[in-house]
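Student: Below is the sequence, then the predicted model.
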Amino acid sequence: MSDAASTLEHVFRTESGPVLATLIRLLGDFQLAEDALQDAAAAALETWAKDGVPAAPAAWLTTTARRKAVDRLRHLRIVEAKRSELALTLRLARSSRSSSTRLIDASDDLTGELRAQAVALLDEPPRERARRRPGLDRRLGWL
C-alpha cells in the first residue's frame, strides 16, 4: 500500500465522521454528503499519490467534498432545466400538431394529394417548408 493510500485510510477512519457531519450541515442532505465524501476520497487517492499528502488532510477532504457536492447540484439543476425545457417543447409540439390536424380536417376543399402534402408539411419547420414548396403555402392560404 502506498503512503498516500495508507494516509487516506487513516484519515478516513479517524476523520470521516466529523467531515461527514460538516458536509451534512453545509449541504442539508445526508445522501449527497456521503456521495461527495466518497468522491473526495477517490480524488484524494489520485491527487495525494501525485502531489503528496496535504498538511491538513481532513480539511482537504472537507473542501474537496463540498466542491464535488456543489458540482453535482449544479449538474442536477442543469439536467432538470433541460428536462423541463424538453417537456415544454414536446407539449407545444403536440398542441401545435393537434391544432394543425384540426385545421386540415375542417377544410373540405383539399384534394387527397394536397391534403397528404399539407399533413407532411405540418411537421416541418416553416423555413424548411417554404424552401421545399414555396407555392404550397399560398395554395393552402397560409400566407
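Tutor: That came through fine.

Student: Give me the packing partners of the longest helix along the chain, helices and strands only.
Tutor: Scanning the chain for the helix with the most residues, using DSSP state H, yields helix 57-106. Applying 3 or more Cβ pairs under 8 Å, 6 or more residues apart in numbering; DSSP states H and E, we find helix 57-106 packed against helix 3-27, helix 30-51, helix 112-122. Using the backbone N, CA and C atoms, a C-beta is placed for each residue, glycine as well.

Student: and the angle for it with helix 3-27?
Tutor: 60 degrees (axes from the mean of the first three to the mean of the last three Cα atoms, to 10 degrees).

Student: what is the mean pLDDT for helix 57-106?
Tutor: In this model, helix 57-106 has a mean pLDDT of 82.

Student: Please apply the same query to stretch 2-14.
Tutor: pLDDT averaged over stretch 2-14 gives 89.

Student: Can you give me the buried ones in that stretch?
Tutor: Residues of stretch 2-14 classed as buried under the neighbour-count rule (16 or more other Cβ atoms under 10 Å) are 4, 7, 8, 11, 12.

Student: swap in stretch 53-63?
Tutor: For stretch 53-63, by 16+ other Cβ under 10 Å, it's 53, 54, 57, 58, 60, 61, 62.

Student: And the contacts of that stretch?
Tutor: In this structure, residues lying in contact with stretch 53-63 by Cβ atoms under 8 Å, 6 or more residues apart in numbering are 3-4, 7-8, 11-12, 15-16, 18-19, 22-23, 37, 40-41, 44, 48.

Student: Do I have it right that residue 5 meets residue 45?
Tutor: Yes. Assessed by Cβ atoms under 8 Å, residue 5 is found in contact with residue 45 at 6.4 Å.
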